[in-house]
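In: structure, please.
(one chain, ligands or ions: 1)
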Amino acid sequence: MENKIVIDDIRKGFAKGGATLPVIDGLDLAVGDGEFVAIVGPSGCGKSTLMKIISGFEPPDTGSVRIDGTALRGPGPTGIVISQHGSVFPWLTVQENLMFGLNTGGAAEKRRLADHYADMVGLKGFEQAYPRELSGGMLKRVEIARALVVKPQILYMDEPFSALDALMNLHMRNELLRILQEERHTVVLITHDVEEALYLADRIMVLSPRPARIRRSFTVGEPHPRKLSNPGLQRMKDDILAELGLTT
Ligand SMILES: Nc1ncnc2c1ncn2[C@@H]1O[C@H](COP(=O)(O)OP(=O)(O)OP(=O)(O)O)[C@@H](O)[C@H]1O
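Out: Predicted structure coming up:
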């Protein structure tokens, strides 16, 4: 597998009260093309900062991020961020939200693409609805469709489902896997939910407390659909929790 993302020895600190708060301390990571990598770590360890750096929204102090071998200099068209906060425009319909990021093609082609992706995430019939008419789970699907419609090569997901209730969270995991089967993207997922990582990812990176470094990497060999009750996954969960200092 070719490397899609290569992170080389990045460091990042923030000024705090005349000193520097070190947040990322020499972190290396390579993500293969089409690979799904989850990053878990203790609260406040620097996960979101890492995501901002990988997606080009924040520069590292030192070190580099390369996408397909080219140094990342800012957010580019190759990757799209899906965050817990959401970025759906409330004044646009579902269809208009999906058409918003499309810069090429005529209006009819944009509508066709928007409706195709609305259908793919299970929103057929809601193309003309406004966000206020949708449930939290449906909004999250609009979010995902809005990211997919521009055909990004990389999906950066920062706690994408954490604002949803537990049932919808489980449902969206399956939706995401289904979509990824149809359109293979490289995915970097940040989550505090170890089970979510075990259910979805090919590889799980466990970060240390701040300043973040990679503490350990786990390869999840299980094929999809996975059962979290699987003894191998249970053992891996225990090992990950132990790395996070949480023993059960
Ligand atoms: N722009 C900023 N300016 C100053 N400090 C910042 C900035 N962004 C993050 N920090 C600090 O960096 C540290 C790591 O924050 P970050 O949001 O990356 O952690 P996190 O692991 O995503 O946290 P959580 O799990 O709670 O979401 C925190 O101490 C935070 O206060």
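In: how many neighbours does residue 236 have?
Out: 20 (other Cβ atoms under 10 Å). From N, CA and C alone the C-beta is placed, and that goes for glycine too.
In: quick check, it in contact with residue 220.
Out: Yes - Residue 236 lies in contact with residue 220 (Cβ atoms under 8 Å); the separation is 6.8 Å.
In: need the overlap of contacts for those two.
Out: 198, 204 (Cβ atoms under 8 Å, 6 or more residues apart in numbering).
In: which one's the longest helix in the chain?
Out: In the chain, assigned by DSSP state H, the helix with the most residues is helix 166-182.
In: immediately after that one, which helix or strand?
Out: Heading C-terminal from helix 166-182, the first helix or strand you meet, by DSSP states H and E, is strand 186-190.
In: the inter-axis angle of that following strand versus helix 166-182?
Out: Relative orientation of strand 186-190 and helix 166-182, computed by axes from the mean of the first three to the mean of the last three Cα atoms, to 10 degrees: 160 degrees.
In: helices or strands next to strand 186-190 in the packing?
Out: With contacts taken as 3 or more Cβ pairs under 8 Å, 6 or more residues apart in numbering; DSSP states H and E, strand 186-190 sits against strand 3-16, strand 19-32, strand 36-40, helix 47-54, strand 154-158, helix 194-200.
In: residue 174: which of the ones you listed is closest?
Out: helix 194-200 (8.8 Å; Cβ to Cβ).
In: list of residues touching the very next helix or strand once past the closest one?
Out: Beyond helix 194-200 on the C-terminal side, the first helix or strand identified by DSSP H and E is strand 203-207. Residues from elsewhere that reach strand 203-207, judged by Cβ under 8 Å, 6+ apart: 29, 35-42, 45-47, 50, 194, 197-198, 213-220, 236, 240, 243-244.
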